[in-house]
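# Build me a model from this:
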Amino acid sequence: MPIEPLLVLAVFLAALGLFGFRVYRRLEHMRLGQPAESIGQWRQRIWLWLVYVFGQRRLFRFARPGVAHFFVFWGFLLLLPTIAQAILEGVWPGFVLPFLGTFGPLALVQDLIAVAVAIAVVYDLYMRLIVKPERYKGSHKTEGVVVLFFILTIMISLLVMNGIKREQGDSPIEPAYWQPVSAFVGSLLAGLSTSAQDMVARVAYWVHLSVVLLFLTMLPGGKHFHVVTSMFNVFLRDLEPPGKLPPAPQFGDQTGVKNVEQFSWRAMLNWYSCTECGRCQDVCPAYASGLELSPKLLIMGLRAHLYERGTALKAGPAKASADAPASAATAVLEKELTGDVISDAALWACTTCYACDQECPLFIEHVDPIVDMRRYLLTQQRADATLVDALMNLRRYGNSFGQSERRRAMWTADMAPPVKDIRREPAHTLWFVGDYASYSPTLTAVTQATARVFQKAGVDFGLLYEAERNTGNDVRRTGEEGLFELLATKNKMALNGCEFQEIVTTDPHTYNALKNEYRSDGDSDGMPAVPILHYTELLDRAITSGQLPIGRQLGYTVTYHDPCYLGRYNGVYDAPRRVLEAIGCRVVEMPRNRDRSLCCGAGGGRIWMDESAVQERPSENRIREAAELSDVGYFVVACPKDLTMYRDAVKTAGQEDRLAVKDLIELVEEALEQT
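Residues are numbered from 1 along each chain as shown. Now for the predicted structure:
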């Protein structure tokens, strides 16, 4: 038997064996993880898998990189038969894949896709080596560039091999028009002698095979492991509503995650699927404001630590002594996940705005692991002093302002007619007001305006008065699970003692908690089974039905800011815009709008934390973005926290004369006035 087929077989088997070993070494560490929730909803999973894996849907949110990756991905799939052909042909000279190796239309697609992949790779190299966008900062640049050159080499060598076969009449694909690019490449080599062409073909073959197999062995070692894991990651992703956090993990008396192996194996699959593309980093308000958090680097850090800690645990390090210093494995095991691997500052920087999760093309979860690590930090009293004070107020008074519950509805004192106390008198709609709208003196006028508009719309509504507590949406996201459960229990008891048909709230954070956190698995979980509405949805309904007649058209040019917990978390985008259009406002969108909206910086408990380390607050960045829009005079919000953040930001950003920050309800009330 000739030596070359044996060499091809040996090299292939060696590469395949090394690949399998390295995959096993990576995946065996996932066995350290905790059990994950059982999966269901198979039909939906299969459909979404087709859409997001084979359709590459999320990748197109970054248009040009998305198109480039689309061609690389489909090139990988469509050119797999050519790789199989090269290997089998090397072992059995003259072998041709049945059907796939002779089917002209497939050969045409492969010929064209090879060119498309080469162009996509050149574009990607241009981005990494010339443009160098901020989102690549911190990624493994060398590995990415090397792999791109590998792919480019594979495409060129394939076209050279096919071109020489065509030129020498050895191609199994006939007629020649099925391989136009290969035929063109062959024509460029037509001037060479037959022996020279044979030499070029052999060199191209071995370059092609060597790079393919080298690439194969490299895959498990870095970010390109997503080639193996990403399809599983997308298929197994969490299908719960984004606004519903999983329960706090418990390990004996410990709440939250202290060590990396306390995460589930499903979370670890997330980390192995990270491509380091930096899309999450690009949209992170904490990163943009100069804080330590980068969602991408967080996932990369977790992935690297899982591997080093898993290896150390397997090694079983000896105990250190004076005569025998601690081994490298012991040093790894002594690392603290929160502190040494992921800094406390990075974890507390997160606003839980969900932009990172929304942007990731492989559905990697960033918010959930951050909250799980925060849960542990709180048990160790490693938190911002102002946050601790706010949590103490919430535990004692049920609100972050530290005010008596009897003052919660003080804003109703001058209201005429009086606002119902729904505990004593049934109403169709329960208005769950929320802390900021209830207690903040700067928002009293807006809260009263909301009540007046509801009354003009004929809404039969009432309040819980002092029985209302903070719903705990942001409390839970700071990691204080016990306090969240306490607040939720008290609120559910109050709600269950009243008679109503729906709940409306002006606060998106409250909206999310009532809609997603207070219910579980389709069960009310002690929560009244009634519709939950944001006030913009109620107004939209009232205007559409004619229940709220608009007195005049305002004629203002405005821009609208999508709150994270109304938009990204719960998909409410159109109702506020329809209301604005109904009152005669022309809505000019900011570049970052709808599910790309920039967080105000208040979420995840950040509104209760010190901001001295912030270089530019997200709210100021957002105001500057709005100020660049022509003719826009009003910055419209639909969240009490947004109103607080942006009224302050418009001053600190020096745009007070340029933009007026208004709650949408203020414009609606103005439009109800008769001219």
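
# for the lowest-mean-pLDDT helix or strand in the chain, packing partners?
Within the chain, confidence by mean pLDDT, DSSP states H and E is lowest for helix 328-333 among all helices and strands, at a mean of 87. Helices and strands touching helix 328-333, by 3 or more C-beta pairs under 8 Å, 6 or more residues apart in numbering; DSSP states H and E, are helix 295-315. Using the backbone N, CA and C atoms, a C-beta is placed for each residue, glycine as well.

# Mean confidence (pLDDT) on the helix it packs on, please.
Averaged across helix 295-315, the pLDDT comes to 95.

# and if you look at stretch 104-123?
So the average pLDDT for stretch 104-123 ends up being 98.

# how about the nearest residue to Pro2 once chain neighbours are set aside, secondary structure?
Distances taken as C-beta to C-beta, 6 or more residues apart in numbering place Pro93 nearest to Pro2, at 7.8 Å, with adjacent residues excluded. Following DSSP: H, G, I helix; E, B strand; the rest coil, we place Pro93 in the coil state.

# can I assume Ile83 is in contact with Phe215?
No: Ile83 is beyond contact range of Phe215, at 10.1 Å (criterion: C-beta atoms under 8 Å).

# Where does pLDDT dip in this protein?
Along the chain, the model assigns pLDDT under 70 to residues 1, 317-326, 520-525, 674-675.

# Spatially central residue in it, please.
What sits nearest the mean C-alpha location of the chain, by C-alpha atoms, centre = their mean, is Asp357, with 1.0 Å.

# Helix or strand: which one has it?
helix 355-359 (DSSP states H and E).

# quick one: contacts for the most far-flung residue of the chain relative to its centre?
In the chain, the residue that sits farthest from the middle, by C-alpha atoms, centre = their mean, is Ser193; the gap is 56.6 Å. By C-beta atoms under 8 Å, 6 or more residues apart in numbering, no residues touch Ser193.

# Equivalent analysis for His428, please.
The contact partners of His428, taken as C-beta under 8 Å, 6+ apart, are 459-461, 500-502.

# which of those residues count as buried?
459, 461, 500, 502 (16 or more other C-beta atoms under 10 Å).

# Of those residues, which is the nearest to Val115?
Glu502 (58.2 Å; C-beta to C-beta).

# That closest one and Ala467, how far apart?
18 Å (C-beta to C-beta, to the nearest Å).

# where along the stretch 1-150 of the chain do the strands fall?
Counting by DSSP state E, counting those that start in this stretch, the stretch 1-150 of the chain forms no strands at all.

# right, I mislabeled it, should have said the chain
Under the criterion DSSP state E, strands of the chain are mapped to 250-251, 254-255, 420-421, 429-432, 461-463, 502-505, 532-534, 557-560, 586-587, 634-637, 660-663.

# what's the offset of the fourth one from the middle of its chain?
Relative to the centre of its chain, strand 429-432 is centred 32 Å away, using C-alpha atoms, centre = their mean, to the nearest Å.

# what does the third one give?
Centroid separation between strand 420-421 and its chain, computed with C-alpha atoms, centre = their mean, is 41 Å.

# before we move on, what about stretch 507-515?
Using C-alpha atoms, centre = their mean, the offset of stretch 507-515 from its chain centre is 20 Å.

# got it, and stretch 242-260?
Using C-alpha atoms, centre = their mean, the mean C-alpha position of stretch 242-260 is found 20 Å from that of the whole chain.

# buried set for that stretch?
242-245, 248-249, 255-260.

# domain parsing for this protein?
Following automatic domain parsing, the chain resolves into domains at 3-221, 250-379, 398-538, 541-672.

# distance between the ends of the second one?
The straight-line separation of the ends of domain 250-379 (C-alpha to C-alpha, to the nearest Å) is 12 Å.

# Please apply the same query to stretch 271-278.
One end of stretch 271-278 to the other measures 14 Å (C-alpha to C-alpha).

# Ok, stretch 275-293 next?
For stretch 275-293, the first-to-last residue distance is 18 Å (C-alpha to C-alpha).

# Would you indicate which residues of it are buried?
For stretch 275-293, by 16+ other C-beta under 10 Å, it's 275-289, 291-293.

# what's the answer for stretch 590-601, then?
590, 592-593, 595-601.

# what's the answer for stretch 526-546, then?
Residues of stretch 526-546 classed as buried by neighbour count (16+ other C-beta under 10 Å): 527-528, 532-540, 542-543.

# Kindly indicate which of those residues lies nearest Ala345.
So of the buried residues of stretch 526-546, ranked by how close each gets to Ala345 (C-beta to C-beta), first place is His534, at 33.0 Å.

# How much space separates the residue nearest to the closest one when sequence neighbours are not counted from Ser343?
Among residues not flanking His534 along the chain, Tyr511 sits closest, at 5.0 Å (C-beta to C-beta, 6+ apart). With distances taken as C-beta to C-beta, Tyr511 is found 32 Å from Ser343.

# Give me the more crowded residue out of these two.
Taking other C-beta atoms under 10 Å, Tyr511 and Ser343 do not tie; Tyr511 has more neighbours (30 against 15).
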